[in-house]
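**Student:** Provide a 3D model corresponding to the input given below.
(2 chains)
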Amino acid sequence: MRIKNLLAAAAAAALLAGTAQAADMTGITDTTIKIGNTNPYSGPASVYSTIGKTISAYFKMVNEMGGIQGRQIDFISLDDGYSPPRTVEQVRKLVEQEEVALLFQTLGTPTNSAIHRYVNSKKVPHLFVATGASKWGQPEKYPWTMGFQPTYDVEGEIYAKYVLENVENPKIAILFQNDDYGKDYRDGFLRGLGDKADELVVSQLPYEVTDPTVDSQIVAMKDSGANVFFNITIPKFAAQAIRKSCEIGWKPTHLLNNVSSSVGATLTPAGLDCSKGLITAIYLKDPVDPQWQDDAGYKEWVGFMEKHMPGADMTDVNYAYGYNVSKLMHITLDGCKDLSREGIMACAANLKDIELPMVLPGILVNTAADDFYPIQAEQLSQFDGERWVAFGGIIDASK
Amino acid sequence: MMRPNPVTPRLLIGFGAAIVFAAILPHLVSDFTSFQFTLAMSYGIALLGLNILTGYNGQFSIGHSAFYAVGAYTAAILLYHFEWNHYATLPVAALVAFVVGFLFGLPALRLEGLYLALATFAFAVATPQLLKFDAFEHWTGGVQGLFVPKPEPLIGGLSADQSLYYVALAIMVLLMGVAWCLLHSRSGRAIMAIRDNPIAASTMGINTALYKTTVFGISAMYTGIAGALSVFVTEFVAPDAFNFFLAVNLLIGSVVGGIVSIPGVIFGGLFLVFVPNFAQDISRAYPFVPPPWAIFGILLILAIYFVPFGVWGAVERVSARWKRKSAAGR
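**Tutor:** Have a look, this model is predicted:
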């Protein structure tokens, strides 16, 4: 009897395995969807852990409201401390032990790089990763990985378009951080300038994160006669660059990368007077900007924050980021008939004109089988001495 | 506790049993768990290096993450740029780490105790930045690191994870044996004499300078081999993997396992891999427990309180007491 039962069980298992091969339904049951995530809850990048917490709170809210397609979301978010080997371990745990249906918003460029090939060889959807690098949108090579936010190089292209259209006789100086982040921005910018890049760029100077200041670079750039300054620096150096160019009386069209656009972290230390006239590109609604007070998306976000994340610091833009990306995941799964891994990936690659509550009006999420960059538009803003004021229309780098 | 672990029949039986258990383990657990054990063994080998240096020779290092990185990057660069065979990179990683450790040990000779610890600390802090440094970027891959595939299974029928587990096990057992032989030799006695009383040791004619530098090199070599193995396991190197936190972790593993012991490194390695995961699991399962690293801290304090000489220290004490008791009963 026993052996017969065993055989029957084995046959059933084989059958199940057969169907599983046809459509990989790992992590999906009639009542649950298992989603995996890694976030730096500890370590040097733990400032971003607010994103992981926001996503957890979001799915908790979704579950209280009945889940997605009647299924409860089992969101498993593990700490990788921003350490790539830890990410490998935690992601293998999520995929092989927890058997999640998909990975969502794994955070960090080096950390995602560490698992990029693994998740693609395992054919696990690796969706809306939290990094601005440009390598997450390569559907031919990595059909299971997709980015989310505008990439650094897309932002660079947007500045290039602005310069070409608005500055007469541009002579451009570029200051960039000497790593992948800096080079992504610079390369996108140069691509945006097109064939004329060599002529237009008169000075290109790098700095190291370990340098004490960028003063000498600024002086050299002024001497080069540039009238456009593309400032690709993190907040500490951005503040130095703004201050120094102000002190030595160099007043170019000053393009500041979005990374350092924080008023509190960059512009206040640099001096708000010196910061007047700076230009940056943004795609999120700034939570402290009063113009959104009556905006429906802003109100939706505030409602969520007050109810599900009481006591959180509402000026932290990462909460808005986390809410946006959770909503996008929610929309993707909600409209997806086929919840197999292939099906989910196909749905993620077929998003059309989706508005997100804390993304600037007019910037829509669009993906396609050959377009794995969900958000590719930004809007330029100028600093008026107090806050960023948007101007011009939405600039879509994909068009 | 002052001498390296003496060999008794009981120890040999225990060791044999442990080997048999370790040999069948990958067939009892999932590939993922095998992978975790391989990671633990890679840490264990690094701890072996730290134990020889700190436990037996009395030199302090809070910078062993740097030697781990040296080994890891040596292997990764040979694999990525020159497409070497995985296992051929191991001796090179060992050699490079030894040379770096030996050279680092030269000026460090003038430094004692805390000062040496600070010098190694500086090395640990500088390493991730050096790896991102522009001039080396072509080789190191900069911030993005390098991706290297896992070695193919050595024997058909084994998965890549299982095969790697056996490789790590063989290397660890071999290196434990080498460490044991070293510490039980004339040189080993000299190494410990320097720890216990450097002045007396040099009076006895021991070249303390040469010994200390060489031990530093050997320690770095062990840690470098561990680093190279870790690349095979995680298939990736990036500067952020070798930060100061790793250096502290290695010290923790060393102390928890038993810093003056050879077998203790196994427990130290297991602690480093499994305890943070355990802390995270229980923190996730029960909302009223504190966050994972607080639990890790509590477990660490408990470990230090209950087994102050490390896990292996406790094993030795219990067995010594048991021996005394049975001798008294006779």
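**Student:** What's the per-residue pLDDT of B:Lys150 here?
**Tutor:** Predicted confidence (pLDDT) at B:Lys150: the value is 87.
**Student:** close enough to count as contact, it and B:Gln162?
**Tutor:** No - B:Lys150 is not in contact with B:Gln162 according to Cβ atoms under 8 Å; the separation is 11.4 Å. From N, CA and C alone the C-beta is placed, and that goes for glycine too.
**Student:** Compare neighbour counts for these two and give me the winner.
**Tutor:** More neighbours surround B:Gln162 than the other of B:Lys150 and B:Gln162, with 21 against 18 (other Cβ atoms under 10 Å in any protein chain shown).
**Student:** what about that one, helix or strand, and which?
**Tutor:** helix B:160-183 (DSSP states H and E).
**Student:** Can you identify the element that follows that helix toward the C-terminus?
**Tutor:** Downstream of helix B:160-183 (by DSSP H and E), the next one is helix B:186-196.
**Student:** ok, B:Gly264 - contacts?
**Tutor:** B:Leu47, B:Asn51, B:Gly257, B:Gly258, B:Gly310, B:Val311, B:Trp312, B:Gly313 (Cβ atoms under 8 Å, 6 or more residues apart in numbering or on different chains).
**Student:** Take those residues and lay them out in JSON lines including secondary structure, distance to chain A and neighbour count.
**Tutor:** JSON lines is the format used below for the contacts of B:Gly264 (DSSP: H, G, I helix; E, B strand; the rest coil; distance: Cβ to the nearest Cβ, whole Å; neighbours: other Cβ atoms under 10 Å in any protein chain shown):
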{"residue": "B:Leu47", "secondary structure": "helix", "distance to chain A": "16", "neighbour count": "37"}
{"residue": "B:Asn51", "secondary structure": "helix", "distance to chain A": "22", "neighbour count": "30"}
{"residue": "B:Gly257", "secondary structure": "helix", "distance to chain A": "20", "neighbour count": "32"}
{"residue": "B:Gly258", "secondary structure": "coil", "distance to chain A": "25", "neighbour count": "28"}
{"residue": "B:Gly310", "secondary structure": "helix", "distance to chain A": "24", "neighbour count": "28"}
{"residue": "B:Val311", "secondary structure": "helix", "distance to chain A": "22", "neighbour count": "22"}
{"residue": "B:Trp312", "secondary structure": "helix", "distance to chain A": "25", "neighbour count": "25"}
{"residue": "B:Gly313", "secondary structure": "helix", "distance to chain A": "28", "neighbour count": "19"}
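**Student:** Please enumerate the helices of the stretch 151-300 of chain B.
**Tutor:** B:160-183, B:186-196, B:198-203, B:208-234, B:244-257, B:264-285, B:292-306 (DSSP state H, counting those that start in this stretch).
**Student:** hey, which of those is tucked in deepest?
**Tutor:** Neighbour counts (mean count of other Cβ atoms under 10 Å in any protein chain shown) averaged over each of those peak at helix B:208-234, with a mean of 26.
**Student:** Can you tell me which helices and strands that helix packs against?
**Tutor:** Secondary-structure packing of helix B:208-234 (3 or more Cβ pairs under 8 Å, 6 or more residues apart in numbering or on different chains; DSSP states H and E): helix A:84-92, helix B:31-50, helix B:64-82, helix B:86-108, helix B:160-183, helix B:186-196, helix B:198-203.
**Student:** Could you point out which of the ones you listed sits nearest A:Lys251?
**Tutor:** helix A:84-92 (42.6 Å; Cβ to Cβ).
**Student:** Sheet partners, orientation included, of the helix or strand that the closest one is followed by?
**Tutor:** Where DSSP H and E defines the elements, the next helix or strand beyond helix A:84-92 is strand A:102-104. Sheet pairing here is set by DSSP bridges, and for strand A:102-104 it gives strand A:32-39 (parallel), strand A:126-127 (parallel).
**Student:** Of the ones you listed, which is nearest B:Leu25?
**Tutor:** Using Cβ to Cβ and comparing the strands paired with strand A:102-104, the one that lies nearest B:Leu25 is strand A:32-39, at 26.0 Å.
**Student:** what angle do that closest one and helix A:84-92 make?
**Tutor:** Compare the direction of strand A:32-39 with that of helix A:84-92 by axes from the mean of the first three to the mean of the last three Cα atoms, to 10 degrees and you get 180 degrees.
**Student:** List the buried residues for strand A:32-39?
**Tutor:** A:Ile33, A:Lys34, A:Ile35, A:Gly36, A:Asn37, A:Thr38, A:Asn39 (16 or more other Cβ atoms under 10 Å in any protein chain shown).
**Student:** Distance from that strand to the middle of the chain?
**Tutor:** 18 Å (Cα atoms, centre = their mean, to the nearest Å).
**Student:** On the C-terminal side of it, identify the next helix or strand.
**Tutor:** Following strand A:32-39 in sequence, per DSSP H and E, is helix A:49-64.
**Student:** packing partners for that next one?
**Tutor:** By 3+ Cβ pairs under 8 Å, 6+ apart, helix A:49-64 packs against strand A:32-39, strand A:72-79, helix A:296-308, helix A:317-334.
**Student:** and A:Leu272, which of those is closest to it?
**Tutor:** Short answer: helix A:317-334, nearest of the helices and strands packed on helix A:49-64 by Cβ to Cβ, at 19.0 Å.
**Student:** Show me what the closest one packs onto, helices and strands only.
**Tutor:** Using 3+ Cβ pairs under 8 Å, 6+ apart, helix A:317-334 is in contact with helix A:49-64, helix A:296-308, helix A:341-348.
**Student:** For B:Asn243, which non-adjacent residue is closest in space?
**Tutor:** Leaving aside its chain neighbours, B:Asn243 sits nearest to B:Pro128 (5.5 Å; criterion: Cβ to Cβ, 6 or more residues apart in numbering or on different chains).
**Student:** I figured the one you found was touching B:Phe242, is that so?
**Tutor:** Yes - B:Pro128 is in contact with B:Phe242 according to Cβ under 8 Å; the separation is 5.8 Å.
**Student:** When the two are compared, which one has more neighbours?
**Tutor:** Taking neighbours as other Cβ under 10 Å, B:Pro128 and B:Phe242 compare with B:Phe242 leading, 27 against 21.
**Student:** now the more buried one: how far from A:Leu364?
**Tutor:** 42 Å (Cβ to Cβ, to the nearest Å).
**Student:** How about A:Pro110?
**Tutor:** 30 Å.
**Student:** if I look at the spatially most central residue of chain A, how far off is B:Thr89?
**Tutor:** Residue closest to the average C-alpha location in chain A (Cα atoms, centre = their mean): A:Gln149, at 3.4 Å. Per Cβ to Cβ, A:Gln149 is found 37 Å from B:Thr89.
**Student:** which sections of the chain are below the confidence cut-off?
**Tutor:** Just so you know, I chose chain A. Counting by pLDDT under 70, chain A shows low-confidence ranges at A:1-22, A:44, A:399.
**Student:** My question was about chain B, not that one.
**Tutor:** For chain B, the ranges with pLDDT under 70 are B:1-7, B:108-109, B:329-330.
**Student:** Let me see the contact set for B:Phe121.
**Tutor:** Counting by Cβ under 8 Å, 6+ apart, the residues that B:Phe121 touches are B:Ile62, B:Gly63, B:Phe244, B:Ala247.
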